[in-house]
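A.B. asks: Just need the structure, nothing else, for what follows:
(one chain, ligands or ions: 3)
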Amino acid sequence: MRPSQRESAPEGAWESASAGVTEGVAGTAPGAGEPVLSVEGLRITVGAGRAEAVRDVSFTVRAGEAVGVVGESGSGKTLTCRSLLGVLPPGCAVSAGSARLAGTELTGLGRREWERLRGVRLAAVFQDPASYLNPALTVGRQLAEPLRVRLGLGRAQARARAVELFGSVGLHRPAEVYHRYPHELSGGMLQRVLIAIAVACDPQLLVADEATTALDTVVQAEVLALLARLRRERALALLLVTHDLAVVAEVTDRVLVFYAGQIVEDGPTAEVVRRPAHPYTAALLRVASAGDWHRRDLSVIPGRPPETGATPPGCRFADRCAFAQDRCRTQEVPLTAVVRAPGDAADDAADGARRVRCLRAAELAPALADVRIDPRGEARADARTPKEVPA
Ligand SMILES: Nc1ncnc2c1ncn2[C@@H]1O[C@H](COP(=O)(O)OP(=O)(O)OP(=O)(O)O)[C@@H](O)[C@H]1O
Ligand code: SF4
Ligand SMILES: [Mg+2]
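C.D. replies: Ligands and ions are numbered 1, 2, ... in the order given. Down below sits the predicted model:
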């Protein structure tokens, strides 16, 4: 039985990075800055009624780039990630769109093709590392096995490589750690083990869905620093889902803001944080700027997002938006380019592009730009109330 298939794994658990690959898959290796992942018009349906939980999601992650994914609970972050790993829960399916991993189309792959990719060209780490490790096997064995199977290493070679990998992810006395069982290690150590397993075959893309949420602040910072180092050293593309806006601000190059199954804003993190273009992003940042950056729950704006399958015809944020007008409720709102501020004009490359899903983005820009954000909570006192904007 593979470690990820043990019966105690959470229902619908993603297969671990060590699962089931029987042969390597050669892929084109993008150079630094080149697209590793290109998602276009992704739609995901859930349940027997095939309600759309993710709709028209498009984004790119480049080699060596960290892209943050934020949004309230239920906004479609995990489903999007799981679709990229070929591990959607039962009853959920990609109904449209494309996701290309350095030239390989991921949508429509069969089980065996997924198994050849997962853990080799793309890998993942999760919130609860203990759930993805087999309690009956030493962590060393759980790393050495996939090295043998996927990379064809001999027993001694695999063991040596595993120890080396444990050392490279900052585990002290890696040769001793090799012989430990999961219950003998702390949460932070287990997350390092899972990261070692994830990067063992040098993937092009690492998906981290709330991977540091359960860790205390100090360990979280260490694990994030580790991911940043691995990203630099291996030109690894990182897709980082988190509720923690401080993490987004400090760790990511670009950010995707999800709301009710759609991206409502994306762009370079520094710009989005400095000058949010969507009222939802601005509201999230305003709350954070009041001193609560390390949030576990982003449901801080009055009201609730629409239920999956019961989305309104116009802007999905309209019921909670202080700037909503009648026209916002009648027409589908497209994701459009944000007119860049003069100071941002130097960064006009494709990955520097900004987009927003708001009919009033241009006229609201001055009001929303008044939110001055500092991830350490040192927000300007006058930044919490946006300027008056005509209703
Ligand atoms: N297994 C499932 N079966 C049916 N519907 C699902 C399933 N998983 C998710 N959904 C639906 O898809 C929506 C998006 O779920 P998803 O797990 O992607 O949210 P999320 O943004 O990751 O939230 P969280 O921040 O709580 O992790 C949910 O609101 C729910 O309606
Ligand atoms: S389109 Fe209208 S309701 Fe939606 S975010 Fe913009 S102003 Fe608010
Ligand atoms: Mg999630």
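A.B. asks: if I look at residue 193, how far off is ligand 3?
C.D. replies: Separation of residue 193 from ligand 3 (CB to the ion, to the nearest Å) stands at 22 Å. Heads up, the C-betas are built off the backbone N, CA and C, glycines and all.
A.B. asks: wait, isn't that residue in contact with residue 129?
C.D. replies: Yes: contact criterion CB atoms under 8 Å: residue 193 and residue 129 qualify, at 6.8 Å.
A.B. asks: shouldn't residue 198 be in contact with residue 129?
C.D. replies: No: at 10.2 Å, residue 198 does not count as touching residue 129 under the criterion of CB under 8 Å.
A.B. asks: ok, which residues in the stretch 201-350 of the chain are in contact with ligand 2?
C.D. replies: For the stretch 201-350 of the chain, the residues found near ligand 2 under the criterion CB under 6 Å from any ligand atom are 279, 315, 317, 318, 321, 323, 324, 328, 333.
A.B. asks: who's in contact with the fourth one?
C.D. replies: By that I understand residue 318. Contact partners of residue 318, counting by CB atoms under 8 Å, 6 or more residues apart in numbering, are 312, 324, 328, 329.
A.B. asks: Out of these, which comes closest to residue 362?
C.D. replies: Minimum distance to residue 362 across the contacts of residue 318 is 14.2 Å, recorded for residue 328 (CB to CB).
A.B. asks: number of nearby residues for that closest one?
C.D. replies: Using other CB atoms under 10 Å, the number of residues around residue 328 comes to 20.
A.B. asks: do residue 238 as well
C.D. replies: Here the number of neighbours of residue 238 (other CB under 10 Å) works out to 22.
A.B. asks: swap in residue 49?
C.D. replies: Using other CB under 10 Å, residue 49 is surrounded by 9 other residues.
A.B. asks: For residue 356, see how far away the residue nearest to residue 339 when sequence neighbours are not counted is.
C.D. replies: Once flanking residues are discounted, residue 339 sits nearest to residue 362: 6.5 Å by CB to CB, 6 or more residues apart in numbering. According to CB to CB, to the nearest Å, residue 362 and residue 356 sit 9 Å apart.
A.B. asks: which one of those two has more residues nearby?
C.D. replies: It is residue 356, of residue 362 and residue 356, that has more neighbours when counted by other CB under 10 Å, with 31 against 13.
A.B. asks: mind listing the strands for this structure?
C.D. replies: Using DSSP state E, the strands of the chain run over 35-46, 51-62, 66-70, 92-101, 104-105, 122-125, 205-209, 237-241, 254-259, 262-268, 336-337, 355-356.
A.B. asks: just these: most buried one?
C.D. replies: Ranked by mean neighbour count under mean count of other CB atoms under 10 Å, the strands of the chain are led by strand 122-125, which reaches a mean of 27.
A.B. asks: low-confidence ranges in the stretch 201-350 of the chain?
C.D. replies: Applying pLDDT under 70 to the stretch 201-350 of the chain flags residues 289-300, 340-350.
A.B. asks: all helices in it, in order from the N-terminus.
C.D. replies: Along the stretch 201-350 of the chain, counting by DSSP state H, counting those that start in this stretch, helices occupy 217-234, 245-251, 269-274, 279-289.
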